[in-house]
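Undergrad: the following comprises the amino acid sequence and a computationally predicted model.
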Amino acid sequence: MCRTPHRQRLPTRSLRPTLRGMSEKDRPWVMRTYAGHSTATASNALYRTNLAKGQTGLSVAFDLPTQTGYDPDHPLSRGEVGKVGVPIPHLGEMRRLFDEIPLTEMNTSMTINATAMWLLALYQVTAEEQNPDLEPSEVAHRLAGTTQNDIIKEYLSRGTYVFPPEHSLRLISDLIAYTVHEIPRWNPINICSYHLQEAGATPQQELAYALCTAIAVLDQVRASGQVSEEDFGMVVGRISFFVNAGVRFVEETCKMRAFVELWDEITRDRYGVTDEKMRRFRYGVQVNSLGLTEAQPENNVQRIVLEMLGVTLSKKARARAVQLPAWNEALGLPRPWDQQWSLRLQQVLAYESDLLEYDDIFEGSHVIEAKVAELVEGARAELDRVQALGGAIAAVESGYMKQALVTAHAARRARIEAGEEIIVGVNRFESTEPSPLTADLDAAIQAADPEAEAAAIRSVEEWKAGRDEGAVAEALARLAADAKTDTNLMPATLAAARAGATTGEWAGTLREVFGEFRAPTGVAGAVGVAGQVGRAADALAAVRARVKATADQLGGRLRLLVGKPGLDGHSNGAEQVAVRARDAGFEVIYQGIRLTPEEIVAAAVAEDVHCVGLSILSGSHMELVPSVLDGLRAAGAEDVPVIVGGIIPDADGRRLREAGVAAVYTPKDFGLTEIMDGIVDQIRAANGLEPDR
């Protein structure tokens, strides 16, 4: 007869970690949706709706003028107001944004950097007004949330910097010192590796550059003398991080465990923090938005879930707050229903699954431990290289980190184009059934309110008409005077907020004292793909031959101007186009971000270019591209073809082509060499050359 095989009895103690929590679950992470658009009133309605659906925190997206310190009536704000976030030009709009939302009971994350001090001041004053029976200091002590306030990654990837690094670091340090003493539940900085990954960072670079940023910030705070040695552990304890979770969720899990290990080591050994609680690695996460695809966008749901797992499965390195993009963000602005779907993904994992009932399920895994060790070793080596250059600020000013990111991104793009890195629906498994989700593309996304810009300008005019101009002038004069000393700037900023100053006036005052900065583009020294082999190399060689032949016919090298009009600082695509164009034999003119249409036209005429390429991801294409076309016509250069790339809905693409744009490229057009081939076609057609194939 059959006997049951002998089963080894496991020690009772080994079962405890597995069974722990059958009666007790861990608290879920804070669930947020990154949101804000058009107007403060519309965004407030969205926030209250999302909170009613079970969202447990707010994550505010500000528009680009607010992020870069301009009022809606500034020339650079044209086309940008209310597009990628909500415009907050003054205290009155902050009041509207949080109407009927009790700030002393809320946990609010604000994605704001160069103007972080100003927006926190507006937030604090709004909370004071909501609680007139409390002393301002008591209100401040009840506030909880985060200001991103990480300017270094803005120089490297996101582009919403304003002031030179030295002065930006001073603003960061002042804000940290103020909050540690006055708003102790606030995270004054969110060291942000999120955009580093989108700019091409390898996991090792993402770890190293984020930690180098943290070191630069902590060293600055310590050197400022605004926090005593006894309280410095509190500064370390309020530092938080904001990371990106990519689709390689095993590697992402290991990356987060590596972050935990390295942060504990740095805070213990470099800063002498003995309290383990203060050394804890605290982070929030947004999963990879730029990894979402326009082709077969329904696949983005699987990607979002996998990316969420990478930052939630490991209890040892679990995110404290998670915000997920919507499936259709590669198409345009998500609708409330799309955001609800992303929120429900989090809620199903947290409340229906058993994830929160167990201790760390990866503890003891030799596979995980080996990968973590590999990432830690690589990150330490890169961190040491940056520190040897003089630290994060020096590595920004020299262009080292930017060049490294552009090179890493070029290598990844080359792997995708060669088919070595598979993206389902893009470079493999491209056949598809018609999707009911995108049957009506124009209805599958939400359009920003076209009247938002005019409404914001009226709001500023009305606000200025009703304020005490003398009080504003006095407050701004105090701000300028304090900026010329080492006085903490937060008290003067609060005074300006209470007096009724605007976002543009606050930033403009500091611009006059600190000056402005243009970060290195990283393109000139970046390593492209000219040395690759195989089918991709053959395709590039064929395009290079066409570029040379066309240039010979026209009598000189083909010149391509790559332009970033408006305030959109997401320059990754423009940089990769510039690098590939250089590899294809073009002479490339690329001056970086934040150019007016007039500046782009002037450069096109001065350089006598054969083609103008515009990159816009902020949604301002319908306002800015026609201005460039009109400027070229007025300059007698209407025969220069203009191509446009970005997140551009089909209907807008059709309108742009009708207006005179030669070609429109969107995220589905991932083949950069093919785009170069198309540019040659446009140049030949514009110059009346016979087809060469």
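TA: Cool, got the structure.
Undergrad: every contact and neighbour count from this point should use C-alpha atoms.
TA: Noted.
Undergrad: for the residue nearest the centre of the chain, which non-adjacent residue is spatially closest?
TA: Centrality entry for the chain: nearest residue to the mean C-alpha point is residue 195, 4.7 Å, by CA atoms, centre = their mean. Leaving out its chain neighbours, the residue that sits closest to residue 195 by CA to CA, 6 or more residues apart in numbering is residue 157, at 6.0 Å.
Undergrad: how near is that neighbour to residue 170?
TA: 21 Å (CA to CA, to the nearest Å).
Undergrad: got it, and residue 88?
TA: Applying CA to CA to residue 88 and residue 170 gives a distance of 23 Å.
Undergrad: of the two, who's got more company?
TA: Shown here are residue 88 and residue 170; by other CA atoms under 10 Å, residue 88 has more neighbours (30 against 19).
Undergrad: show me where this protein dips below the pLDDT cut-off.
TA: 1-23, 530-533 (pLDDT under 70).
Undergrad: repeat that for 50
TA: 1-23 (pLDDT under 50).
Undergrad: one step back: show me what contacts the residue nearest to the centre of the chain?
TA: 153, 157-158, 244 (CA atoms under 8 Å, 6 or more residues apart in numbering).
Undergrad: among those, which are in strands?
TA: Taking DSSP state E, the ones among the contacts of residue 195 that sit in strands are residue 244.
Undergrad: can you pick the most crowded of the contacts of residue 195?
TA: The residue in the contacts of residue 195 with the most neighbours, by other CA under 10 Å, is residue 153 (27 neighbours).
Undergrad: doesn't residue 193 make contact with that residue?
TA: Yes: the criterion here is CA atoms under 8 Å, and residue 153 meets it with residue 193 at 7.3 Å.
Undergrad: how close does the residue nearest to residue 195 get to residue 574?
TA: From residue 157 to residue 574 the distance is 12 Å (CA to CA).
Undergrad: quick one: contacts of stretch 624-640?
TA: In contact with stretch 624-640 (CA under 8 Å, 6+ apart) are residues 78-79, 565-566, 597-598, 600-601, 605, 609-612, 614, 642, 656, 659-661, 683, 686-687.
Undergrad: separate out the buried members of those residues.
TA: 78-79, 565-566, 597, 600-601, 605, 609-612, 614, 642, 656, 660-661, 683, 686 (16 or more other CA atoms under 10 Å).
Undergrad: state the distance from the residue nearest to the centre of the chain to residue 153.
TA: 7 Å.
Undergrad: what are the ranges of the helices in the stretch 201-350 of the chain?
TA: 203-224, 232-238, 249-269, 299-310, 336-347 (DSSP state H, counting those that start in this stretch).
Undergrad: which elements pack onto the fourth one?
TA: What it means is helix 299-310. Counting contacts by 3 or more CA pairs under 8 Å, 6 or more residues apart in numbering; DSSP states H and E, helix 299-310 packs against strand 239-245, helix 249-269, strand 283-287.
Undergrad: and of these, who's closest to residue 377?
TA: Evaluated over the helices and strands packed on helix 299-310, closeness to residue 377 peaks at helix 249-269, with 9.5 Å, by CA to CA.
Undergrad: put the alpha carbons of the closest one into CSV.
TA: Written as CSV, here are the backbone C-alpha positions of helix 249-269 (Å, rounded to 0.1, in the frame of the first residue of the first chain):
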residue,chain,number,x,y,z
PHE,A,249,10.2,44.8,-11.6
VAL,A,250,12.7,42.3,-10.1
GLU,A,251,15.5,44.8,-10.9
GLU,A,252,13.4,47.6,-9.5
THR,A,253,12.8,45.7,-6.3
CYS,A,254,16.5,45.2,-5.9
LYS,A,255,17.2,48.8,-6.7
MET,A,256,14.9,49.9,-3.8
ARG,A,257,16.6,47.5,-1.4
ALA,A,258,20.0,48.9,-2.6
PHE,A,259,18.7,52.4,-1.9
VAL,A,260,17.8,51.3,1.7
GLU,A,261,21.3,49.8,2.2
LEU,A,262,23.2,52.8,0.8
TRP,A,263,21.2,55.4,2.6
ASP,A,264,21.6,53.7,5.9
GLU,A,265,25.4,53.6,5.3
ILE,A,266,25.7,57.2,4.2
THR,A,267,23.6,58.6,7.1
ARG,A,268,25.4,56.5,9.6
ASP,A,269,29.0,56.9,8.4
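Undergrad: just want the angle from it to helix 299-310.
TA: 40 degrees (axes from the mean of the first three to the mean of the last three CA atoms, to 10 degrees).
Undergrad: give me the buried positions along helix 249-269.
TA: Those would be 249-264, 266-268, for helix 249-269 by 16+ other CA under 10 Å.
Undergrad: which outside residues touch that helix?
TA: Contacts of helix 249-269 (CA under 8 Å, 6+ apart): 203, 207, 211, 236, 245-246, 273-274, 279-281, 306-307, 309-311, 313-314, 316-318, 368-369, 371-373, 375-376.
Undergrad: which of these are buried?
TA: Buried among the contacts of helix 249-269 (16+ other CA under 10 Å): 203, 207, 211, 236, 245-246, 273, 279-281, 306-307, 309-311, 313-314, 316-318, 368-369, 371-373, 375-376.
Undergrad: list the contacts for the closest residue to residue 566 other than its chain neighbours?
TA: Excluding the flanking residues, the one nearest residue 566 by CA to CA, 6+ apart is residue 594, at 5.3 Å. Residue 594 makes contact with 564-569 under the criterion CA under 8 Å, 6+ apart.
Undergrad: could you dump these to a markdown table with distance to residue 402 and secondary structure?
TA: As requested, those are arranged in a markdown table below (distance: CA to CA, whole Å; DSSP: H, G, I helix; E, B strand; the rest coil):
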| residue | distance to residue 402 | secondary structure |
| --- | --- | --- |
| 564 | 17 | coil |
| 565 | 20 | strand |
| 566 | 21 | coil |
| 567 | 19 | coil |
| 568 | 17 | coil |
| 569 | 14 | coil |
